[in-house]
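> this is the structure alone, sequence omitted:
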């Protein structure tokens with residue numbers, strides 16, 4: 001399986017080629033690096049606030065679970081304003097062609113194993129709730145074998161889920177013709193059939209790590225179906241209320257209110273309101289009235305990642321810290337080429353964390369549970385010649401920050417300094433961009449995901 005991974009940037013000028021070239025020279029210069037990009041425009045049309053959506057409530061019966069927490073409400077508002085969307089695109093290699101009935105059967109099993117496949121968000125009175133509709137369908141689409149994957153992703157990115165949708169996710173399969181080049185050539189002989197798979201869902205119900213977990217379950221189920229084996233339908237994950245997280249937030253908030261000195265320290269850990277990201281300093285914003293946001297989908301060959309991972313391990317650096325250092329270095333290299341860097345510059349980044357326990361009662365815990373850590377790194381102009389020393393320093397800084405309460409403290413201090421009147425406000429009047437990019441790490445995804453899978457890779 002080959003996964004398209006993306007780094008979300010504040011400028012379309014940071015193309016995948018800069019990062020891949022850096023990884024290329026750090027690892028194996030003789031390896032070819034594959035790159036691709038897709039345009040993912042965000043809608044600028046303003047939509048009504050949540051209260052106006054109540055009239056869209058459907059008549060079908062549902063099982064009400066619990067009220068949505070503040071993060072889920074915020075993500076729902078973002079979804080209604082055409083942003084905060086997630087799309088997963090992977091290539092499946094199989095021993096037999098994936099027929100539509102295989103896929104429908106697989107997703108019916110997924111609905112039994114993973115509760116978010118049965119859930120949706122609905123208004124109830126003047127609040128938003130998680131619920132399970134009485135009628136749950138499977139939202140799968142099979143396209144023609146010559147459909148362009150990037151165009152499909154772009155189209156899906158413009159679509160929205162409504163409160164009346166029986167499920168708030170969508171799966172699209174694009175079977176490929178025989179003998180099409182395989183992203184992992186070593187699989188071609190044993191797994192000759194290829195299919196592109198695109199998955200999107202309401203971001204208030206799923207995060208990136210959940211999609212990674214879902215893919216593993218999907219491949220296991222498809223493998224059993226193709227082999228004619230019984231499929232395990234036992235639940236393998238849970239979706240719970242956010243009481244634990246809300247208690248954690250409350251404790252952090254109360255501790256900060258008792259310690260004004262700590263509030264000032266947390267403020268200093270974030271970029272000031274007049275900060276200009278290095279990317280914007282190097283490549284100023286376009287002045288056109290109508291602008292689009294661009295997502296760059298970038299595939300790096302497995303051998304490059306493998307050797308980069310080995311070098312990081314040898315240097316005593318996590319792959320996450322090493323990738324962050326690589327992106328920071330690529331940005332500084334771009335600024336160097338534009339003549340904008342002095343001896344030292346600052347790269348400001350966002351890092352997504354998942355709060356709470358990863359597993360509850362030996363089952364994977366689904367849902368947002370996310371918070372962003374703001375981190376600023378001081379980078380020397382000649383960073384490329386001291387890359388691994390810089391990676392070690394960054395690893396130490398990030399390691400402490402990621403394992404502390406700093407990320408939650410930053411959220412609380414921002415809310416104290418700039419209270420939000422309604423969930424729609426940040427999307428109607430967005431704050432200035434203060435960070436160069438956000439790094440969203442979905443977990444370790446090896447090239448051969450499933451060693452025990454005889455029919456799907």
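Perfect, thanks for sending it. These numbers come from a predicted model, not from an experiment. Numbers count the residues shown, from 1 in each chain.
> am I right that residue 371 sits in a strand?
Yes. With DSSP: H, G, I helix; E, B strand; the rest coil as the criterion, residue 371 is part of a strand.
> now the residue nearest to it when sequence neighbours are not counted: which helix or strand?
Nearest residue to residue 371, sequence neighbours excluded (C-beta to C-beta, 6 or more residues apart in numbering): residue 407, at 4.7 Å. From N, CA and C alone the C-beta is placed, and that goes for glycine too. Applying DSSP states H and E as the criterion places residue 407 in helix 406-417.
> by contact count, what packs against that helix?
With contacts defined as 3 or more C-beta pairs under 8 Å, 6 or more residues apart in numbering; DSSP states H and E, the packing partners of helix 406-417 are helix 243-257, helix 260-268, strand 370-380.
> show residues contacting whatever helix or strand comes next after it.
Next along the chain after helix 406-417, taking DSSP H and E as the criterion, comes helix 425-428. With contacts defined as C-beta atoms under 8 Å, 6 or more residues apart in numbering, helix 425-428 is touched by 46, 74, 77-78, 81, 83, 420.
> what average pLDDT does helix 425-428 get?
Throughout helix 425-428, pLDDT has a mean value of 89.
> now it: buried residues?
Across helix 425-428, burial judged by 16 or more other C-beta atoms under 10 Å covers 426-427.
> helix or strand right after it?
Later in the chain than helix 425-428, the nearest helix or strand by DSSP H and E is strand 437-439.
> just checking, what packs against that next one?
On a contact count with 3+ C-beta pairs under 8 Å, 6+ apart, strand 437-439 meets strand 8-9, helix 319-337, strand 344-354.
> name every strand pairing with that strand and say which way it goes.
Sheet pairing of strand 437-439 (DSSP bridges) gives strand 8-9 (antiparallel), strand 344-354 (parallel).
> could you check how far residue 416 is from residue 139?
To residue 139, residue 416 is 41 Å away according to C-beta to C-beta, to the nearest Å.
> residue ranges with poor pLDDT in the chain?
For the chain, the stretches flagged by pLDDT under 70 are 1-60, 288-299, 341, 356-363, 368-369, 441-452.
> where exactly do the strands run in the stretch 151-300 of the chain?
169-175, 193-201, 237-238, 294-295, 297-298 (DSSP state E, counting those that start in this stretch).
> I'd like those written out as CSV, with distance to residue 279 added.
Shown next, in CSV, are the strands of the stretch 151-300 of the chain (distance: least, C-beta to C-beta, whole Å):
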stretch, distance to residue 279
strand 169-175, 32
strand 193-201, 27
strand 237-238, 37
strand 294-295, 13
strand 297-298, 17
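> deepest of the helices and strands packed on helix 406-417, which one?
Most buried of these, by mean neighbour count (mean count of other C-beta atoms under 10 Å): strand 370-380, with a mean of 19.
> between that strand and strand 344-354, how many degrees?
If you take axes from the mean of the first three to the mean of the last three C-alpha atoms, to 10 degrees, strand 370-380 sits at 160 degrees to strand 344-354.
> for strand 370-380, enumerate the helices and strands it packs against.
Short answer (3+ C-beta pairs under 8 Å, 6+ apart): strand 370-380 packs on helix 319-337, strand 344-354, helix 387-402, helix 406-417.
> tell me who's in contact with residue 138.
Residue 138 is in contact with 104, 107-108, 111, 167, counting by C-beta under 8 Å, 6+ apart.
> can you say which two of those are spatially most distant?
104 and 167 (13.0 Å; C-beta to C-beta).
> so for these two, which sits in the more crowded spot?
Counted by other C-beta atoms under 10 Å, residue 104 and residue 167 do not tie: residue 167 has more neighbours, with 22 against 14.
> tell me how many other residues crowd the residue nearest to residue 371.
Residue 407: 23 neighbours (other C-beta under 10 Å).
> follow-up on the earlier one: list buried residues within the contacts of helix 425-428.
Neighbour counting by 16+ other C-beta under 10 Å classes 74, 77-78, 81, 83 among the contacts of helix 425-428 as buried.
> how close does residue 70 get to residue 422?
Counting by C-beta to C-beta, the gap from residue 70 to residue 422 is 12 Å.
> hang on, I meant residue 312
In this view, residue 312 and residue 422 are 43 Å apart by C-beta to C-beta.
> between these two, which is the more surrounded one?
Higher neighbour count among residue 312 and residue 422: residue 312, with 22 against 12, using other C-beta under 10 Å.
> show the backbone phi and psi for the residue in the chain sticking out farthest from the centre.
Computed with C-alpha atoms, centre = their mean, the residue of the chain farthest from its C-alpha average is residue 258, at 34.9 Å. The phi/psi pair for residue 258 (degrees, to the nearest 10) reads phi -90, psi -10.
> got CSV for the helices and strands packed on helix 406-417, with distance to residue 177 too?
Formatted as CSV, those follow (distance: least, C-beta to C-beta, whole Å):
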stretch, distance to residue 177
helix 243-257, 47
helix 260-268, 55
strand 370-380, 39
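> just tell me which of the ones you listed ends up closest to residue 144.
Nearest of those (C-beta to C-beta): strand 370-380, 36.1 Å.
> got the angle between that closest one and helix 387-402?
Using the same axes, to 10 degrees: strand 370-380 against helix 387-402 is 150 degrees.
> can you tell me the strand partners of strand 370-380 and which way each runs?
Sheet pairing of strand 370-380 (DSSP bridges) gives strand 344-354 (antiparallel).
> hang on, residue 143 packs against residue 173?
Yes. Between residue 143 and residue 173 there is a contact under C-beta atoms under 8 Å: 7.1 Å.
> which one of these two has more residues nearby?
Comparing residue 143 with residue 173 by neighbour count (other C-beta under 10 Å), the higher total belongs to residue 173, at 19 against 15.
> setting the sequence-adjacent residues aside, check what's closest to that one.
Distances taken as C-beta to C-beta, 6+ apart place residue 142 nearest to residue 173, at 5.2 Å, with adjacent residues excluded.
> near that neighbour, how many other residues are there?
16.
> what sits against it?
By C-beta under 8 Å, 6+ apart, residue 142 lies in contact with 100, 103, 172-175.
> and if you look at residue 353?
By C-beta under 8 Å, 6+ apart, the neighbours of residue 353 are 370-373, 402, 407.
> quick one: which two of the residues you listed are the most distant?
Farthest-apart pair in the contacts of residue 353 is 370 and 402; separation 12.9 Å (C-beta to C-beta).
> doesn't residue 120 make contact with residue 68?
No. Residue 68 is beyond contact range of residue 120, at 10.9 Å (criterion: C-beta under 8 Å).
> shared neighbours, the two?
Common contacts of residue 68 and residue 120 (C-beta under 8 Å, 6+ apart): residue 130.
> quick revisit: from residue 373, how far out is the residue nearest to residue 371?
Going from residue 407 to residue 373 by C-beta to C-beta gives 4 Å.
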